[in-house]
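Novice: one predicted model, sequence on top.
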Amino acid sequence: MPGANTAIRPHLSHRSKNYPLTMEAADDSPTYSICITHYNQGATLERSLESILTQLEPSMEVVIVDAGSDDGSLETLRELTAQSERLRVLVEPGANRGEGRQHALKAARGTHIISNYDLDQEYGELLGSILEVYTELSASEGQIALRTAGNLFIAPRALLLEIGGYKPLMRGEDHELTDRLEDAGVLRYLPVANTTTVDSDSRAIRTRIRRAFRSAKALYRIGFTPAQLGHFLYANHPLALAIVGTPIYAAGVVAGAIDGRVYTAREKSWREITEMSARPTYEEIVVPVPSTLKAYATDENRYALPQRD
């Protein structure tokens, strides 16, 4: 979807397989748990995971929930876990993305969760600067959840558990959770992007069709109407592609209707579909970008955001 994957720089540094996995933790309880879901992403796994692991600090752990991969990537993950207690892999066969994120949330030992990492993305070295923003906001405002335009998500584990965590959705699970956090008044949004898509077979026609179907199904289930989905399809894609996508979107809506809605708390704008990570609805939750992150600021807020009534 447009805006979901913003490149950070032409090339990110790639350091072979020298993962910094052998670290000494300050104690047995990490401060941050990086929660990741995974399924059959062997083609992108090592490059993506490396960009995450190179930013780890002793106060962090990584929890990966695998949905039962059968492409050899699970074996790779298990080899990596043997090198450090700071990396854990849990296998939940058949888990969809929302279920996987919820399993990781419950298994996490950290008091704060860093989530929405996907192993078909490469992550720029911004985590430390983003955590500084999160720490300052938490000190001044108490328990808050921070989202970035690059789909990174940081929040206290207790807050996420209290609000119910992730719903069992294959796609749109991050969008739905963001809606609830925003409605609860605890969401803050930092408009910086820190991801770029790792080259893979994601452009294959079959993969595109499957993703379009799942997106339409999930977006319908979390509150978007068929008319809004159609508006998005034709406003954001070439006409020929939109025409081809219409029956796929329609099938997704029907499937979503059969499964039932999971979120209808407030009326949505079709423009919110533009980014699956849920661009915020109200401008007062947008956090000023500090000087250390100015180079990565995005225009995801290019649409005028209304003041909350």
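Specialist: Looks like it arrived, so ask away.

Novice: does the nearest residue to Lys268 once chain neighbours are set aside belong to a helix, a strand or coil?
Specialist: Spatial nearest neighbour of Lys268, chain neighbours left out: Gly223 (5.1 Å); criterion: CB to CB, 6 or more residues apart in numbering. (Each C-beta comes from the backbone N, C-alpha and C, glycine too.) State at Gly223, reduced to three classes by DSSP: H, G, I helix; E, B strand; the rest coil: coil.

Novice: distance of Gly223 relative to Arg188?
Specialist: In this structure, Gly223 and Arg188 are separated by 22 Å, where distance is defined by CB to CB, to the nearest Å.

Novice: please apply the same query to Ile205.
Specialist: Relative to Arg188, Ile205 is positioned 39 Å away (CB to CB).

Novice: which of these two has more neighbours?
Specialist: More neighbours surround Arg188 than the other of Ile205 and Arg188, with 22 against 7 (other CB atoms under 10 Å).

Novice: just checking, the more buried one touches Leu137?
Specialist: Yes. The criterion here is CB atoms under 8 Å, and Arg188 meets it with Leu137 at 5.8 Å.

Novice: for the two, list the residues in contact with both.
Specialist: When CB atoms under 8 Å, 6 or more residues apart in numbering defines a contact, the residues bordering Arg188 and Leu137 alike are Ile144, Leu146, Val287.

Novice: just checking, what packs against the helix or strand harbouring the second one?
Specialist: In this structure, Leu146 is located in strand 145-148 according to DSSP states H and E. If contacts are counted by 3 or more CB pairs under 8 Å, 6 or more residues apart in numbering; DSSP states H and E, strand 145-148 sits against helix 127-141, strand 153-156, strand 187-190.

Novice: that strand pairs with which strands, parallel or anti?
Specialist: Each strand that strand 145-148 pairs with, and the sense of that pairing, follows from DSSP bridges: strand 153-156 (antiparallel), strand 187-190 (parallel).

Novice: out of those strands, which comes closest to Ile258?
Specialist: When the strands paired with strand 145-148 are compared by CB to CB, strand 153-156 sits nearest Ile258, at 29.2 Å.

Novice: and the next helix or strand past the helix or strand harbouring Lys217?
Specialist: With elements delineated by DSSP H and E, Lys217 resides in helix 205-221, which encompasses its position. The element immediately downstream of helix 205-221 (helix or strand, assigned by DSSP H and E) is helix 226-235.

Novice: for that following helix, buried residues please.
Specialist: Of the residues in helix 226-235, those with enough neighbours to count as buried (16 or more other CB atoms under 10 Å) are Pro226, Gln228, Leu229, Gly230, Phe232, Leu233.

Novice: thinking again about what came up before, is the residue nearest to Lys268 in contact with Gly256, as I believe?
Specialist: No. Because the distance of 10.5 Å does not satisfy CB under 8 Å, Gly223 is recorded as not touching Gly256.

Novice: comparing the two, which residue is more hemmed in?
Specialist: Regarding Gly223 and Gly256, a neighbour count based on other CB under 10 Å identifies Gly256 as having more, with 25 against 20.

Novice: pLDDT weak spots in this protein?
Specialist: Regions of the chain meeting the criterion pLDDT under 70 cover residues 1-27, 199-203, 264-266, 271, 273-282, 299-309.

Novice: okay, which residue is most central for it?
Specialist: Centrality entry for the chain: nearest residue to the mean C-alpha point is Asn116, 2.8 Å, by CA atoms, centre = their mean.

Novice: quick check: which element contains the nearest residue to Gly230 once chain neighbours are set aside?
Specialist: Distance criterion CB to CB, 6+ apart; nearest residue to Gly230, sequence neighbours excluded, is Tyr249 at 7.1 Å. Using DSSP H and E, Tyr249 sits within helix 239-259.

Novice: and that helix, which residues are buried?
Specialist: Neighbour-count burial for helix 239-259, counted by 16+ other CB under 10 Å, picks out Ala242, Gly245, Ile248, Tyr249, Gly252, Val253, Ala255, Gly256.

Novice: and what of stretch 211-219?
Specialist: Counting neighbours by 16+ other CB under 10 Å, the buried set in stretch 211-219 is Ala212, Phe213, Arg214, Ser215, Ala216, Lys217, Ala218, Leu219.

Novice: now those residues in CSV, with distance to Ala108?
Specialist: Below are the buried residues of stretch 211-219 laid out as CSV (distance: CB to CB, whole Å):
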residue, distance to Ala108
Ala212, 32
Phe213, 31
Arg214, 26
Ser215, 27
Ala216, 31
Lys217, 28
Ala218, 24
Leu219, 28
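
Novice: which among these gets closest to Asp66?
Specialist: Checking these against Asp66 with CB to CB, the nearest one is Arg214 at 19.0 Å.
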